[in-house]
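[1] pasting the sequence and the predicted coordinates here, then a few questions.
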Amino acid sequence: MAVNEQMVQDIVKEVMAKMQLQKDEPTGKQLGIFDNMNEAIAAAKEAQKVIRNMSMDQREQIITNIRRKTKENAEMLARMAVEETGMGNVPHKILKHQLLAEKTPGTEDIVTEAWSGDRGLTLIEMGPFGVIGAITPTTNPSETILCNAIGMIAAGNTVVFNAHPRAIKTSNFAVNLINEASLEAGGPENVACSLKHPTMESSDIMMSHKDIQLIAATGGPGVVTAVLSSGRRGIGAGAGNPPALVDETADIRKAAQDIVNGCTFDNNLPCIAEKEVVAVSSVVDELMDYMVKEQGCYLASKEEQDKLIATVLTPKGALNRDCVGRDAKTLLGMIGVTVPDNIRCIIFEGEKENPLISKELMMPILGIVRAKDFDDALEQAVWLEHGNRHSAHIHSKNIDNITRYAKAIDTAILVKNAPSYAALGFGGEGFCTFTIASRTGEGLTSARTFTKKRRCVMADSLCIR
Ligand code: NAD
């Protein structure tokens with residue numbers, strides 16, 4: 001067979017790709033990684049017997065180590081995730097890891113309620129479930145795993161992850177760190193477990209296993225529905241499509257800045273990120289003007305919007321996974337538009353039914369819907385949230401409007417006059433989580449979410465008032 005130049009180039013490319021893969025593959029045995037789900041659950045069950053007998057101080061030591069390791073490896077995890085999934089932005093992912101390391105609650109979140117009176121003392125104690133089964137997304141793979149593990153271990157549980165197959169290298173790297181953190185604190189191995197090759201079948205085994213007491217699922221609508229149909233207690237952190245409403249009382253310049261900052265964070269991957277805007281007619285032009293002139297937005301023409309629809313969605317209307325979590329410049333490049341590096345978001349005015357607006361794209365594409373007045377804006381925003389009850393945002397100085405919006409949209413998160421990420425404690429008060437239980441109502445999860453309440457009663461004594 002004749003060897004031509006093209007063939008040589010193809011072979012060199014293939015070898016280089018293989019060498020790159022090997023170079024990136026974490027070396028040595030990774031702790032907590034198993035070939036099959038039953039083994040993983042059995043190992044996590046053994047580890048839980050140890051954890052439940054550890055003092056809160058010892059558990060907190062494990063968590064301190066997880067925080068430290070998360071910070072030390074933030075850049076590595078961020079790079080791995082972007083490389084493996086092809087989605088997101090390294091500096092933003094580093095920030096997400098730093099945030100979770102600093103602001104995810106640990107054992108301090110486990111508190112006791114007490115009644116003390118003539119008839120004695122009654123306590124409500126928060127106890128562990130045992131082994132938790134967790135399903136994690138591709139959009140925040142290691143963030144979700146590390147954040148879940150901190151809360152679950154603080155509460156005295158261990159956890160088995162059925163991580164997203166497209167983010168398995170990053171996910172398992174995080175699982176290994178968690179086990180190293182435990183061993184270094186004198187705790188057991190396998191406080192967090194995962195599989196080499198997770199599948200839908202391994203997920204099914206997990207969801208029906210007798211030793212799994214609770215399932216915590218973070219992902220799109222499919223996974224939450226599967227968990228809720230499993231017959232098990234499930235925490236369902238599902239999809240969102242958060243609208244940002246802007247009324248005429250808002251500081252429009254700041255609203256433009258906050259919305260674009262939130263929308264472009266990690267290339268719009270966070271489930272809480274602004275996915276579309278609904279603005280009252282009198283401020284739409286000014287808002288878009290600021291977005292274009294000051295916030296690095298590209299105003300897409302009708303023709304470009306049509307090309308984007310044909311590119312980012314499949315003919316059946318599903319997401320083109322090659323476009324999810326990509327930056328604005330890359331997305332525009334895919335439709336033949338070249339823009340400078342400072343372009344970070346694609347905007348246009350459109351109807352709420354436009355698929356670029358109504359679908360949860362997880363891309364920095366921000367449609368702006370014009371509303372006649374506040375009532376109309378509220379109605380359109382509620383429609384766009386699709387009843388996910390996940391997240392919504394508003395830019396307004398009218399507290400009556402804010403209150404009406406909050407009641408009507410009824411979401412787990414409502415950020416006022418700030419970028420969406422303020423909801424995670426980034427530029428806002430409060431703790432951090434990457435599992436927002438929108439469907440099942442726990443809201444932002446933390447250690448206490450992963451506990452069972454136990455009433456502990458001492459009648460007619462121990463009241464010393
Ligand atoms: P995805 O739904 O494709 O996958 C999430 C996880 O569920 C993966 O581990 C996947 O393997 C698994 N999975 C999917 N369908 C399943 C089924 N039928 N049975 C069992 N397991 C199943 O989601 P993704 O693309 O990785 O993440 C993005 C989605 O997750 C978005 O919709 C986003 O809004 C949502 N999300 C929600 C939260 C939250 O806290 N509410 C956080 C992050 C992401």
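    Right, received. Where do you want to start?

[2] got the phi and psi for whichever residue of the stretch 301-450 of the chain sits closest to the ligand?
    Nearest residue of the stretch 301-450 of the chain to the ligand: residue 436, at 3.6 Å (CB to the nearest ligand atom). C-beta: built from backbone N, CA, C; applies to glycine. Phi and psi for residue 436, reported as degrees, to the nearest 10, are phi -110, psi 110.

[3] and residue 392, by the same measure?
    According to degrees, to the nearest 10, residue 392 has phi -150, psi 160.

[4] so the closest residue to residue 419 other than its chain neighbours, which of the three states?
    Distance criterion CB to CB, 6 or more residues apart in numbering; nearest residue to residue 419, sequence neighbours excluded, is residue 262 at 3.4 Å. The three-state assignment at residue 262 reads helix, by DSSP: H, G, I helix; E, B strand; the rest coil.

[5] make sure residue 345 is actually in contact with residue 299.
    No: in this structure residue 345 lies outside contact range of residue 299 using CB atoms under 8 Å: 10.2 Å.

[6] now stretch 141-152: mean pLDDT?
    Across stretch 141-152, the average pLDDT comes to 98.

[7] more neighbours, residue 345 and residue 299?
    Neighbour tally, residue 345 and residue 299, criterion other CB atoms under 10 Å: the higher count belongs to residue 345, 25 against 13.

[8] dump the residue contacts of the more buried one.
    Counting by CB atoms under 8 Å, 6 or more residues apart in numbering, residue 345 makes contact with 260, 263-264, 291, 295-298, 328, 364-366.

[9] one step back: what's opposite the residue of the stretch 301-450 of the chain closest to the ligand in the beta bridge?
    Beta-bridge pairing for residue 436 (DSSP bridges): residue 444.

[10] isn't it up against residue 411?
    No: at 9.5 Å, residue 436 does not count as touching residue 411 under the criterion of CB under 8 Å.

[11] can you list residues touching both of these two?
    Counting by CB under 8 Å, 6+ apart, the shared contacts of residue 436 and residue 411 are 240, 390-391.

[12] shaky segments in the protein?
    Along the chain, the model assigns pLDDT under 70 to residues 1-27.

[13] near the ligand, which residues of this protein show up?
    By CB under 6 Å from any ligand atom, the part of the chain that sits against the ligand consists of 135-140, 163-164, 200, 203, 218-220, 222-223, 226, 237-240, 271, 360, 434-436, 438.

[14] the residues you listed in strands, which ones?
    Under the assignment DSSP state E, those contribute 135, 218, 237, 436 to strands.

[15] list the helices and strands the strand or helix carrying residue 379 packs on?
    Per DSSP states H and E, residue 379 falls inside helix 374-385. The helices and strands touching helix 374-385, judged by 3 or more CB pairs under 8 Å, 6 or more residues apart in numbering; DSSP states H and E, are strand 243-246, strand 276-280, strand 365-371, helix 399-409.

[16] redo those as TSV? Include mean neighbour count.
    Rendered in TSV, the data for those read as follows (neighbours: other CB atoms under 10 Å):
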stretch	mean neighbour count
strand 243-246	28
strand 276-280	27
strand 365-371	24
helix 399-409	16
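
[17] how many neighbours does the closest residue to the ligand within the stretch 251-400 of the chain have?
    Residue nearest to the ligand within the stretch 251-400 of the chain: residue 271 (3.3 Å; CB to the nearest ligand atom). Counted with other CB under 10 Å, residues neighbouring residue 271 total 28.

[18] tell me the contacts of it?
    Contacts for residue 271 (CB under 8 Å, 6+ apart) come out as 139, 237, 239-240, 242, 390-391, 436.

[19] kindly report the same for residue 265.
    Going by CB under 8 Å, 6+ apart, residue 265 touches 92, 273, 419-421.

[20] how near is it to residue 241?
    The gap separating residue 265 from residue 241 is 16 Å, by CB to CB, to the nearest Å.

[21] do the same with residue 73
    Note on residue 73: its distance to residue 241, by CB to CB, is 32 Å.

[22] who touches the host helix or strand of residue 96?
    Here residue 96, judged by DSSP H and E, is contained in helix 90-103. Outside helix 90-103, the residues that touch it by CB under 8 Å, 6+ apart are 66-68, 70-71, 73-75, 77-79, 81-82, 140, 142-143, 146-147, 150, 265-267, 424-426, 431-432, 434.

[23] of the residues you listed, buried ones?
    Buried positions within the contacts of helix 90-103, assessed by neighbour count (16 or more other CB atoms under 10 Å), are 66-67, 70, 73-74, 77-78, 81-82, 140, 142-143, 146-147, 150, 265-267, 424-426, 431-432, 434.

[24] now whatever residue of the chain ends up closest to the ligand. Nearest residue, chain neighbours left out?
    Closest to the ligand within the chain is residue 219: 2.5 Å, counting by CB to the nearest ligand atom. Of all residues not flanking residue 219 in the chain, residue 137 sits nearest, at 4.6 Å (CB to CB, 6+ apart).

[25] the one you found: neighbouring residues, count only.
    By other CB under 10 Å, 25 other residues sit near residue 137.

[26] residue contacts, it?
    Contacts of residue 137 (CB under 8 Å, 6+ apart): 144, 164, 167, 218-220.

[27] could you export those as JSON lines, including distance to residue 318?
    Converted to JSON lines, the contacts of residue 137 look like this (distance: CB to CB, whole Å):
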{"residue": "144", "distance to residue 318": "23"}
{"residue": "164", "distance to residue 318": "17"}
{"residue": "167", "distance to residue 318": "19"}
{"residue": "218", "distance to residue 318": "20"}
{"residue": "219", "distance to residue 318": "15"}
{"residue": "220", "distance to residue 318": "11"}
